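# quick one, structure for this:
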Amino acid sequence: MTRPAPRRGGFVFLDPEQGRALRVVPFQYNPDSIVRTLQPRGIGADAGDRLEALRLQGPPRETFRIDAEFDAMDQVASAAGPAPPAGSGLFGMLSALETAVSPTGAQLTQQNDLSAKGILEIAPTQAALPVLVLGPHRVLPVRMLDLGVTEEAYDGELNPIRAQVRLTVRILTVDDVGFSHKAGGLYLQYLQGRERFASLVGYGPEAIGYAGG
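Modelled structure (predicted):
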């Protein structure tokens, strides 16, 4: 009996208006560890504000820091999609991640043309929506906060063939984008899933020696 292949995490970049997938960037190797930080958004930061001590303004600010490894030598064997162009090393994979933190060339050209004509652009074009996928229970709309790349080895043409990537992302919540936005719907699904798992922890007070009172 064959064992199913392990799931691979990664990013799906969505059209923010229509929700269709524009491209998928899987992790070549799933991260060994992920650092998660949840910062509650309370009311009344000053100690002693008794009426507001337990009130929450909204969802916490939740960030993920992920260290991912990429190696062009294993890229063809492990990739689910088409093989990268020969002789390009990791440029395709790294470029796909880097486009998440940069406007496109077409957007920059359009902004320059509008500026040259004296036209004030009210709202820049939206970038693709990055969705971090870490298994079926964590499909997270995110904003890239930081992207660090350490290139560790090169081929004869100075194409990077081995790299360590450190990503820091913040989960987008309904406070960021609203309830009707695609990212808002994904966040609500994630939040409701977490609540369902939390409800499965059903220990009584006696499990920790709490007598009430």
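
# flag the shaky bits of the chain, pLDDT-wise.
1-5, 44-51, 75-87, 120-125, 213 (pLDDT under 70).

# residues making contact with the biggest helix by length in it?
Ranked by residue count and defined by DSSP state H, the top helix of the chain is helix 182-199. With contact meaning Cβ atoms under 8 Å, 6 or more residues apart in numbering, helix 182-199 is reached by 14, 16, 19, 59, 129, 131, 137-141, 171-174, 176-179. The C-beta positions use only the backbone N, C-alpha and C, and glycine is treated the same way.

# one more time with 10 Å
14-20, 59, 62, 129-131, 136-143, 171-179, 181 (Cβ atoms under 10 Å, 6 or more residues apart in numbering).

# now for residue 31: which residues touch it?
9, 64, 65, 66, 67, 68, 69, 134, 165, 167.

# separate out the buried members of the residues you listed.
Using 16 or more other Cβ atoms under 10 Å as the burial test, the contacts of residue 31 include 9, 64, 65, 66, 68, 69, 134, 165, 167 as buried.

# quick check on the contacts of helix 182-199: which are buried?
Buried among the contacts of helix 182-199 (16+ other Cβ under 10 Å): 14, 16, 59, 62, 129-131, 139-143, 171-174, 176-177, 181.

# re earlier: just the closest of the buried ones among the contacts of residue 31 to residue 155, please.
Closest approach between the buried ones among the contacts of residue 31 and residue 155, by Cβ to Cβ: residue 69, at 17.5 Å.

# leaving out sequence neighbours, find the closest residue to the closest one.
residue 29 (5.2 Å; Cβ to Cβ, 6 or more residues apart in numbering).

# in which helix or strand would I find that neighbour?
Per DSSP states H and E, residue 29 falls between elements, in no helix or strand.

# ok, now how distant is residue 25 from residue 190?
20 Å (Cβ to Cβ, to the nearest Å).

# cool, and residue 171?
Applying Cβ to Cβ to residue 171 and residue 190 gives a distance of 8 Å.

# who touches both of these two?
In contact with both residue 171 and residue 190: 62, 138, 140, 141, using Cβ under 10 Å, 6+ apart.

# can you give me the helices in the protein?
Using DSSP H, helices in the chain cover 75-78, 91-98, 105-116, 174-177, 182-199.

# dump these into JSON lines; add distance to residue 149 as well.
Output for the helices of the chain, formatted as JSON lines (distance: least, Cβ to Cβ, whole Å):
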{"stretch": "helix 75-78", "distance to residue 149": "16"}
{"stretch": "helix 91-98", "distance to residue 149": "6"}
{"stretch": "helix 105-116", "distance to residue 149": "20"}
{"stretch": "helix 174-177", "distance to residue 149": "26"}
{"stretch": "helix 182-199", "distance to residue 149": "25"}
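
# can you list the residue ranges for strands in this structure?
10-14, 21-26, 34-42, 56-71, 129-133, 139-154, 160-171 (DSSP state E).

# the first one - contacts with which helices or strands?
Meaning strand 10-14. If you count contacts as 3 or more Cβ pairs under 10 Å, 6 or more residues apart in numbering; DSSP states H and E, strand 10-14 packs onto strand 21-26, helix 91-98, strand 129-133, strand 139-154, helix 182-199.

# of all these, which one is nearest residue 39?
Between the helices and strands packed on strand 10-14, strand 139-154 lies closest to residue 39; by Cβ to Cβ that is 13.0 Å.

# fine by me, we can end here.
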